[in-house]
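Structure here, sequence nowhere to be found:
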């Protein structure tokens, strides 16, 4: 992994907040309907495909270096969120706030943020420098109750 691939993966997160222009659509893969997000610029290109439960991001820098980040996890089921007075939209809204507010999260450094009863933590679980792979987990709590978790693995790609 390099600073350039990290920047592209981070820029991909910013497409959530409207900070980066992107093309959103859907695609069918082996009978699965996936949401997609793409952008290209002078730094390179970014592609993301996902369903509720997980997905994969791919980046390629302008010099040809490639990397991938896969992720899995989700918010609590709707009935559990409802007991807390929340919806999935509330949880994803906070996720966007926390992720887009910290350019280091989902990469190689731990991150933490709080906001009015909400808490976000990203912990690096393991780094394997020999192959430049990183595994981590992000979690969100609302008033002390876990409401969201995502595991991430980042690696160079060929």
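On my side now, so go ahead. Bear in mind that the values here come from a model prediction, so they are computed numbers and not experimental data.

so for stretch 138-145, what's the average pLDDT?
Averaged over stretch 138-145, pLDDT sits at 97.

Same check on stretch 92-102?
Mean pLDDT, stretch 92-102: 84.

contact partners of that stretch?
Applying C-beta atoms under 8 Å, 6 or more residues apart in numbering, the external contacts of stretch 92-102 come out as 13-14, 16-17, 19, 75, 105-106, 111, 113, 115, 118, 120, 122, 138, 140, 142, 148. Using the backbone N, CA and C atoms, a C-beta is placed for each residue, glycine as well.

let's see 10 Å
Residues external to stretch 92-102 that are found in contact with it (C-beta atoms under 10 Å, 6 or more residues apart in numbering): 10, 13-19, 74-75, 86-87, 105-106, 109, 111-122, 138, 140, 142, 147-148, 150.

Mind checking which of those are buried?
Neighbour counting with 16 or more other C-beta atoms under 10 Å marks 10, 13-16, 75, 86, 105-106, 111, 113, 118-122, 138, 140, 142, 147-148, 150 as buried within these.

The spatially closest residue to residue 6 that is not a sequence neighbour: what secondary structure?
The shortest distance from residue 6 to any non-neighbouring residue, by C-beta to C-beta, 6 or more residues apart in numbering, is to residue 107 (5.4 Å). Here residue 107 is coil, with the state taken from DSSP: H, G, I helix; E, B strand; the rest coil.

Mind checking which of the buried ones among the contacts of stretch 92-102 land in helices?
Residues of the buried ones among the contacts of stretch 92-102 located in helices (DSSP state H): 10, 13, 14.

could these go into a markdown table alongside distance to residue 127 and pLDDT?
Below are these laid out as a markdown table (distance: C-beta to C-beta, whole Å; pLDDT from 0 to 100):
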| residue | distance to residue 127 | pLDDT |
| --- | --- | --- |
| 10 | 18 | 85 |
| 13 | 20 | 77 |
| 14 | 24 | 77 |
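
do you know how far residue 24 is from residue 38?
Distance, residue 24 to residue 38, using C-beta to C-beta, to the nearest Å: 8 Å.

residues shared between the contacts of the two?
15, 48.

Give me the more crowded residue out of these two.
The residue with more neighbours, out of residue 24 and residue 38, is residue 38; 16 against 11, by other C-beta atoms under 10 Å.

Enumerate every residue touching the more buried one.
12, 15, 22, 23, 24, 25, 45, 46, 47, 48, 49, 58.

can you pull the pLDDT of it?
Residue 38 carries a pLDDT value of 91.
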